[in-house]
Structures are given as structure tokens and as C-alpha cells.
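S.K.: next comes the sequence, and after it the predicted model I'd like to discuss.
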Amino acid sequence: MSDAAHERAAGGPARPQAMPDRLPTRLLYVEDDHDLRDMIADTLIEAGFVVTAVPSAEAAMTSLRGARFDILVTDYHLLGESGVWLLESATAAGLLEGTAAIMLTSVRRPPGAEGYTVLRKPVDIGTLLDTISAAVGQTLPAAVVSPAPPRPAELELVLYVTSTSQESHRAIRNLDRALTPYDRARYGLTIIDVAHGGDDDWYQALEGDRIIVTPTLVKKAPGPKTWIVGTLTPIDAVAQMLHSALGDAVR
């Protein structure tokens, strides 16, 4: 019996699913100390998150009104309104629907924080990252659900990644940045996580796309099929690929 057949007989891993339109986890970080804010934001960026860092609860409310975030991480004590005020106000305004929230504090029992996820400072960075991952609910960043384009996409891309790899997270982030100026209806993007393997048919599909390492970006249409391997940094090759298929980006 082959390894794949043995896994199926033993109730092993099912075929991994493609994850359409999956983009980097967008994190809003609120901290009023400038140096600490930059330091933690850099750490979160290195961990693979797309980070917006702001100095106050009021600034965070402005950010929440203007963009979608997967997770909000806020300090409890802030200049001006508190972290509790932020969470209560954002919830009341419907700005945290689909957004997880974590509060950081050195206070043992912070008033008003009941019912929220609270981490006591100082917190181990591994614990912080694990808590964020658990709150978001998945290893790879959250999916953006968008309607199917009304016509066939002009460009079809597949990005093969390994969800446990920082290189793969960087590739996702860099591809997102490269695609941002383009109309979403003009391209199709699927990100496939190969971290847990799959069945024989799934491996044959990988063989068809000639995937040797991750991350690998495949342009499947228009032909000819093209591959870009690595974290997509620098993005010159990606920019050239996008330009050849979609023309100039809208700035």
C-alpha cells in the first residue's frame, strides 16, 4: 500500500483546499509610546502581518472606519481614551465585526476588560504571536470574500506556500502589495498551502504546475505559464508580469 493510500485508510490528511483571494493578516496595533510602538510593529511585520500602528484609541477608530482588519491589538492605558473605550466604542459602531481583539496591560484586573482577551505585560513574544494566531483562527492570513468577477479574469495566478514558513508569509505580503493598484475584477488569485500534504491527485496537480519549492508564484493564464520562486522581493519580476498582462497600474 502506498503512503498516500495508507494515510487515507488510516483517516489521514484530506486533500488541502485552495484558498481563493487569501491575503495577508491585517493587524491594527495601538500603543501611545512611540519607541515601543515602532519596535513591536516591526516584530509583527517580521512575523508576517500587515501592520497599521497608531498612537491612540481615537486614531484607531479612524483606522477602523477606513479599512478592514483581521485583528486589533491595543494597550489598556493610552493617552486620551483607554483601550476599553476603544473596544466598546468600536463594537457599538459595528467596526469590529469579523475582527478579533487582544488587550495588553500590566494591570492585574483591568476595569471594564471583562469578556475581552487580555494578556498581562510583560508578555513573551511567542505567547503574543500564538494568541494572535489563535484569535484569528488560522495559520495563514484571513480570507477576503469578494464576488466573482462578471467576466473571465485577464490574469490567473496561483501562489504555492507553506503556512509554517516566514518566507511564504513574506511572499503573500509582497504579492498583495504588487496587486493593490490593480482592479480586483481583472485578476484571479489562489493561494495553496502545501504544509500538510494531500492525496495522489493533489500531488499530481502540484506536479502539473512543476512546483519544486515554496513559495512559488505561477502565472497560469494568459500563457505561456510562468514561474517566480522565492519571497517575491524585489518585486521587479512580479511587476513586469502584472504589467504584461494588465498594463499600467492605476495609481
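M.R.: Thanks, I have the structure now.

S.K.: can you show me the helices along the stretch 151-251 of the chain?
M.R.: Listed in chain order, the helices of the stretch 151-251 of the chain (DSSP state H, counting those that start in this stretch) span 166-179, 200-208, 236-246.

S.K.: just say which of the ones you listed is most tucked in.
M.R.: Greatest average neighbour count among the helices of the stretch 151-251 of the chain goes to helix 166-179 (a mean of 20), per mean count of other C-beta atoms under 10 Å. Yep, even glycine has a C-beta here, placed from its N, CA and C like the rest.

S.K.: state the distance from Ala135 to Asp70.
M.R.: Distance from Ala135 to Asp70, counting by C-beta to C-beta, to the nearest Å: 9 Å.

S.K.: measure Thr74 to Ile45 for me?
M.R.: From Thr74 to Ile45 the distance is 17 Å (C-beta to C-beta).

S.K.: one more: Asp70?
M.R.: Here Asp70 is placed at a distance of 14 Å from Ile45 (C-beta to C-beta).

S.K.: try Asp35
M.R.: For Asp35 relative to Ile45 (C-beta to C-beta), the value is 16 Å.

S.K.: about what we covered before: Asp70 and Ile45: which has the busier surroundings?
M.R.: Set Asp70 next to Ile45 and count neighbours by other C-beta atoms under 10 Å: Asp70 wins out with 24 against 16.

S.K.: next one: phi and psi at Asp75?
M.R.: phi -70, psi 150 (degrees, to the nearest 10).

S.K.: also the one 3 residues further on?
M.R.: When read as degrees, to the nearest 10, the backbone of Leu78 gives phi -130, psi 150.

S.K.: give me the distance between the closest residue to it other than its chain neighbours and Ala47.
M.R.: Ranked by C-beta to C-beta, 6 or more residues apart in numbering and with sequence neighbours excluded, the top spatial neighbour of Leu78 is Asp32, at 4.9 Å. Applying C-beta to C-beta, the value for Asp32 to Ala47 is 22 Å.

S.K.: can you check Ala100 too?
M.R.: Taking C-beta to C-beta as the measure, Ala100 falls 16 Å from Ala47.

S.K.: equivalent analysis for Asn174, please.
M.R.: Asn174 sits 15 Å away from Ala47, going by C-beta to C-beta.
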